[in-house]
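*Asks:* Provided below for reference: sequence and predicted model.
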Amino acid sequence: MMLWRGRLAFRVYNPQKPVKYGIKSYILCDSATGYCHNMLPYVGTSATLEDTVFSLLGCLQGRGHTLFMDNFYNSVSLSEHLLGKKTNVCGTLRKNRGEPKMIKEVTKTQVGDRIVRHNGKVMVVAWQDKRLVKMVTTCHHNTMEKVEVWQKGEKQKVPQWKPACVVEYNKCMNGVDKLDQNVAYYPFIRRSTNWSKKCVAYLFQLAIFNAFVLYRARHHQGECKHLLQFLKSVARSWTSRRQEEGGRDEESAAVVGAVLRTHNPRAPYLVDPESRLDGQLRRHKMEHLMATSRKERPNRKCWVCTRRGLRRETNKWCAACHVPLHTGECFNLYHTKLNYWERKSN
């Protein structure tokens, strides 16, 4: 769930999630690494859960993989269909999703008791822990495993017997959690009034995390052992593009770098370019602002007036510095004075 509280036709509300309002996505991840194999955003369509599951699997069908799902997706009929596609299933099961009558009527039993039903293809298990747990699986036998768990009032783990399907489900049903955890460490998403920008930033985060997983799988002894190191290396490789370009003089390279940095006509100018005080006023020419997708003749705040606390707009900018300015006094002050925002004292 990606946070979004603005108006949107397919915005979802789920009070049980940490992010209660937002854009929902169905994600298929690797249980060991959290690698995102496929993703389907929810856009308000009436696709069935079975269609969603088969769309996520895609080319992975028929390869003998085991799919771990929670009770939102699972059903006995879906498990049978996936087994026919040579894909195993293991997961929790909701009420009225095809469970046998005996298991459907179970309310509460003694802790540790279990009821098992098998039709030759699918096995349904009802096991009483702190609460009743219902499981559906096509790849486990009716066996129990001994595990160490924490219990209230104990200072160390105590042994407990659990069904084999429950043990493996708890072990493998964390691929999406790993993905969300790593994406949340260094988020790119910022507050925006455009939901599509947040979606693009989120997809960008997923792509970088997938690249890091593939990098670690191929380079076990590589320099980037953590996601932060990998992010820094990617950032350095992108920012060093200008240094790798040969055959250009320093002036042209600086101009190209300025254009790349200021491709967004709405970006703020927090740092003045060093070339504004080079004394070559002939190179600093005033031109009309470039047209945007919204306005053919856009206006922007004059940078000199803004630094003086005035709200005045202009339709021109310095072609060399890429800073919006008024012609005349503002242009001269910006290119001749170090502290151009200071007013003349009377």
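*Replies:* Thanks, I have it.
*Asks:* Can you tell me what sits against the lengthiest helix in the chain?
*Replies:* For the chain, the helix reaching the highest residue count under DSSP state H is reported as helix 195-218. With Cβ atoms under 8 Å, 6 or more residues apart in numbering as the test, helix 195-218 has contacts from 2, 4, 6, 8, 23, 30, 33-36, 39, 41, 179, 182-183, 187-190, 192, 222, 224-225, 227, 230-231, 234. Where you see a C-beta, it was placed from the backbone N, CA and C, and this is true even at glycine.
*Asks:* go again using 7 Å as the cut-off
*Replies:* 2, 4, 6, 8, 23, 33, 35-36, 179, 182-183, 187-189, 192, 222, 224, 227, 230-231, 234 (Cβ atoms under 7 Å, 6 or more residues apart in numbering).
*Asks:* Could I have the buried ones of these as PyMOL selection syntax?
*Replies:* Entered in PyMOL, the line below selects the buried ones among the contacts of helix 195-218, by 16 or more other Cβ atoms under 10 Å:
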select buried, resi 2+4+23+33+35+36+179+182+183+189+224+227+230+231
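*Asks:* Among the contacts of helix 195-218, which ones are in strands?
*Replies:* Members of these lying in strands (criterion: DSSP state E): M2, I23, C36.
*Asks:* got a list of what the first one touches?
*Replies:* Just to be clear, that refers to M2. G22, I23, K198, Y202.
*Asks:* got a markdown table for those, with pLDDT and distance to L214 too?
*Replies:* Output for the contacts of M2, formatted as a markdown table (pLDDT from 0 to 100; distance: Cβ to Cβ, whole Å):
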| residue | pLDDT | distance to L214 |
| --- | --- | --- |
| G22 | 91 | 28 |
| I23 | 91 | 26 |
| K198 | 89 | 25 |
| Y202 | 91 | 19 |
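*Asks:* Check which helices and strands whichever helix or strand C330 is part of sits against.
*Replies:* Element membership for C330, per DSSP states H and E: helix 329-336. Secondary-structure packing of helix 329-336 (3 or more Cβ pairs under 7 Å, 6 or more residues apart in numbering; DSSP states H and E): helix 303-307.
*Asks:* Could I get the average pLDDT for the helix or strand that the helix it packs on is followed by?
*Replies:* Using DSSP H and E, the helix or strand that follows helix 303-307 towards the C-terminus is strand 313-314. Average pLDDT, strand 313-314: 94.
*Asks:* what's strand 313-314 packed up against?
*Replies:* Going by 3+ Cβ pairs under 7 Å, 6+ apart, strand 313-314 lies up against strand 300-301.
*Asks:* How about residues contacting the strand it packs on?
*Replies:* With contact meaning Cβ under 7 Å, 6+ apart, strand 300-301 is reached by L289, R311, E313, T314, P324.
*Asks:* again, only using 6 Å
*Replies:* Contacts to strand 300-301, defined as Cβ atoms under 6 Å, 6 or more residues apart in numbering, come from residues E313, P324.
*Asks:* same thing with stretch 330-340?
*Replies:* R276, H284, C302, V304, L325.
*Asks:* how much space between V43 and D51?
*Replies:* Distance, V43 to D51, using Cβ to Cβ, to the nearest Å: 14 Å.
*Asks:* ditto for V149
*Replies:* In this view, V149 and D51 are 38 Å apart by Cβ to Cβ.
*Asks:* got it, and N88?
*Replies:* When distance is defined by Cβ to Cβ, N88 is 20 Å away from D51.
*Asks:* So between those two, which is more surrounded?
*Replies:* N88 (16 against 12; other Cβ atoms under 10 Å).
*Asks:* quick one, phi/psi of the more buried one?
*Replies:* N88 adopts backbone torsions of phi -80, psi 160, taken as degrees, to the nearest 10.
*Asks:* ok, now which ones touch it?
*Replies:* By Cβ under 6 Å, 6+ apart, the contact set of N88 is T66, T138, C139.
*Asks:* Now do the second one, the pLDDT please.
*Replies:* What that stands for is T138. 94.
*Asks:* ok, so of the contacts of N88, who is nearest H81?
*Replies:* The nearest member of those to H81, counting by Cβ to Cβ, is T138 at 10.6 Å.
*Asks:* Settle this for me: that closest one is touching L83, isn't it.
*Replies:* Yes - with contact defined as Cβ atoms under 6 Å, T138 counts as touching L83 (4.8 Å).
*Asks:* Mind checking which of these two has more residues around it?
*Replies:* Of the pair T138 and L83, T138 is the one with more neighbours under other Cβ under 10 Å, namely 19 against 15.
*Asks:* ok, the more buried one to K101 distance?
*Replies:* 20 Å.
*Asks:* Ok, H220 next?
*Replies:* From H220 to K101 the distance is 52 Å (Cβ to Cβ).
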